[in-house]
Structures are given as structure tokens and as C-alpha cells.
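> model this:
(one chain, ligands or ions: 1)
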Amino acid sequence: MSTSPTLSPDHQASLIDGKAFAANLRNQIRDDVRTFHDAHGVTPGLAVILVGNDPASEVYVRNKAIQTHHAGMRSFMHMLPETTTEEELLALIERLNKDSEIHGILVQLPLPNGLDARRVTNAIRPEKDVDGLGEINAGRLSIGLPSLIPCTPLGCLLLLKDQLGDMRGKHAVVIGCSNLVGKPLSLLLLAEGCTVSIAHIHTQDTAALARQADILVVATGCSGLVRGDWIKPGATVIDVGITRITLDNGKTRLVGDVAFDEAVKVAGRITPVPGGVGPMTIACLLKNTLSAAKLLVTGKAE
Ligand SMILES: Nc1nc(=O)c2c([nH]1)NC[C@@H]1CN(c3ccc(C(=O)N[C@@H](CCC(=O)O)C(=O)O)cc3)C=[N+]21
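Got it, this is the predicted structure:
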């Protein structure tokens, strides 16, 4: 068991600046895109499909398009009406699968009722599945083969590697077991040599388990779930949750799954919300789009 450092009464965790890290990563991708273009005459292209008009999704999708252009890649937006049928959506994906100008395809989730997200996600050609959510990429990740890795877990992993370096033997506790974040991130941490515990809705004493974590990742969507006394002194805390709350004065604010004001007094390092994992998600989408283009054009992975 690793020992907990004793903290001074005025201890403050250091902030893991995902916003700055993501900006650096995007600059590096931009350079790599230029080198790739010079070598092969190909500009990586990302197609983003949004079905329906959820205002939050529209903001994300617009951000993705802006950052894609910034990185020197081409962005193809497909805004489809709420009434789109599964057949129409599958036909669009099939067309994009065959389009040699498109290297990455992303269908923004959640989809409107009546559209089968699993079926739609699986229709994306695995080589272009830059969200890494199709069964081929998920399966490859689970057995340690090269794959496109879901963007949010990849972003968390890059932050952790930058902060901690070698993670072998560390106890990582992941709270939340979704196919989007918790499950793939657990597999990535396992591959880094962590001892991984996964807590979920049926876990009996999540607080007690969390207190054993050298690395605590929280991805539940329950704002403020993790309190200060759930955290081992000095632990590294990654907060994946993003919830928009409305304050008494009518303004809104983004909060994470970790009670930040409490956690910052105990943790060694912690990601803020906003400015932590969120910006890494989009940067990793660009990273995956470039990886997909390299593989499709040269037949070689990174
Ligand atoms: N197929 C699919 N892939 C996704 O990756 C996907 C998706 N569907 N559906 C929706 C969620 C959400 N998501 C975010 C991306 C960036 C921020 C982000 O940049 N957040 C900023 C704040 C942004 C703000 O102010 O609203 C931050 O945390 O600092 C947040 C959330 C990707 N998603």
C-alpha cells in the first residue's frame, strides 16, 4: 500500500490545466497535419453528423468545426432534422465511408429517440471511427491491439501520463462504467500497469474504495458526488463530469462530479471544470482524425 503524505492545513492541490495542454496538443497536431500534407498531398477530413437540434450539441459541434479548421484539417458538417430515419442516417454514413476525402466520421450522441445508436455507430467503417465507439475498436482496445481510442478517455490518459509518468503499480479507481468513458479508460489504465478498481451504481461503499485511490477518475454525470473525504491525501483526481447548473441569479455555471472546493484541500493534483478534461476531448478528436488519415493513406499506424 502506498503511504499518504501528511498535508499542511493550508494545502492546495495543483491544477491540471487541460485547456493549456489541449492548446499545445492542437498546435502539435497542426504541425503534423502540415508535414503529412507535404508528404502525401492529402488534407485530413472530419465529417460530423448532428441529428436534431439540441442546443448544447450544436455548441459542441460548432466548436469541433472551428478547431478542426484551426488544425489545418477539413471539416464537413451534416446537420440533419429530428425526423431523420435510421435508413437515411445509415445511407449518409455509407456515403462518407466510401468518400476518400473523409478520414474521420463522428455521429454526435445522444441520438433522438427511435435511432439505434449502437447500430449507427457500428455502421462507421472502423478505420474512420474517430470516436472509437464501434465494436471493432472497442474490442481491439479490450485485447490490447492498436485501435482508435475514445476521445475523452484518451484525453484523460494523456493528462495522467504528463502528470505522473510511469503509472505502474498505482491504484486507479474509476467511478462510472460507461462504454463512452469509464470502461475504455479502465482498460487504458490497466494497460499502463495500474491496479484498476471500477465503481458503479451497485458498488457498496464507493467512498471507502475511492479513499484507496492514488488516481481517482470520476465519470458519472452526478455533480458534486465525490466529497473531500473520499480522496486520499495527495491523490491525483480527474473529473470527467460536466453539468450545467442554474444559479439563484439566473446565470449558469459548469460543475464537475467532484466537489471541487473540498477536493482541492486534499488532492495532490486535480482537473478543474471547465478547463480540465473537456478541452482534451476535442483535441483528441483531432488527434484521432490525423491518426485515421495516416493509416488510411499510408497503411501504417502512428
Ligand atoms: N459522438 C460523440 N462524441 C463526443 O465526444 C461527444 C458527444 N458525442 N456528445 C456530447 C459529448 C460532450 N463532449 C464535450 C466536448 C468538449 C467539451 C468542452 O470543451 N468543455 C469545456 C467547456 C465548454 C463550455 O463552456 O460549454 C471545458 O470543460 O472546459 C465538453 C463536452 C463531447 N461529446
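
> and the residue of the stretch 1-150 of the chain nearest the ligand?
Across the stretch 1-150 of the chain, the shortest distance to the ligand (Cβ to the nearest ligand atom) belongs to L109, at 3.9 Å. Every C-beta, even on glycine, is put in place using the N, C-alpha and C of the backbone.

> do the stretch 151-300 of the chain as well
Of all residues in the stretch 151-300 of the chain, the one sitting closest to the ligand is G278 (2.1 Å; Cβ to the nearest ligand atom).

> so who does the residue nearest to the residue of the stretch 1-150 of the chain closest to the ligand when sequence neighbours are not counted touch?
The shortest distance from L109 to any residue other than its chain neighbours is 6.0 Å, reached at A117 (Cβ to Cβ, 6 or more residues apart in numbering). Residues in contact with A117 (Cβ atoms under 8 Å, 6 or more residues apart in numbering) are 107, 109-111.

> What residues does the protein have near the ligand?
Contact residues (Cβ under 6 Å from any ligand atom) of the chain with the ligand: 60, 106-109, 131, 151, 242, 254, 273-275, 278-279, 281-282.

> Count residues in the vicinity of the residue of the stretch 1-150 of the chain closest to the ligand, would you?
Applying other Cβ atoms under 10 Å, we find 13 residues neighbouring L109.

> where does it fall, phi/psi-wise?
For L109, the backbone dihedrals (degrees, to the nearest 10) come out as phi -110, psi 150.

> Show me what the helix or strand of the chain with the lowest mean pLDDT is packed up against.
Taking all helices and strands of the chain together, the one with the lowest average confidence (mean pLDDT, DSSP states H and E) is helix 55-70, at a mean of 92. With contacts taken as 3 or more Cβ pairs under 8 Å, 6 or more residues apart in numbering; DSSP states H and E, helix 55-70 sits against helix 18-40, strand 45-51, strand 74-80, helix 277-298.

> hmm, who's touching the first one?
It refers to helix 18-40. Judged by Cβ under 8 Å, 6+ apart, the contacts made with helix 18-40 from elsewhere in the structure are 42-44, 67, 70-73, 155, 158-159, 162, 271-272, 274-280, 282-284, 286-287, 290, 293-294, 297-298.

> for the stretch 201-302 of the chain, what spans make up the helices?
206-210, 260-263, 277-298 (DSSP state H, counting those that start in this stretch).

> show me where pLDDT drops low in the stretch 51-200 of the chain?
Low-confidence segments of the stretch 51-200 of the chain, defined by pLDDT under 70: none present.

> What ranges does it have for its helices?
Secondary structure of the stretch 51-200 of the chain (DSSP H, counting those that start in this stretch): helices located at 55-70, 86-98, 117-123, 135-142, 151-164, 182-191.

> Show me which residues of the longest one are buried.
By that I understand helix 55-70. Of the residues in helix 55-70, those with enough neighbours to count as buried (16 or more other Cβ atoms under 10 Å) are 60-61, 64, 67-68.

> show me the contacts for the closest residue in space to L185 that isn't next to it in sequence.
The shortest distance from L185 to any residue other than its chain neighbours is 3.8 Å, reached at P153 (Cβ to Cβ, 6+ apart). Shown in contact with P153 (Cβ under 8 Å, 6+ apart): 181, 184-185, 188.

> Same question for F76.
45-48, 96, 101-102.

> now V174
182, 185-186, 189, 196-199, 217, 219.

> What's opposite it in the beta bridge?
Taking DSSP bridges, one finds I198, V217 as the beta-bridge partners of V174.
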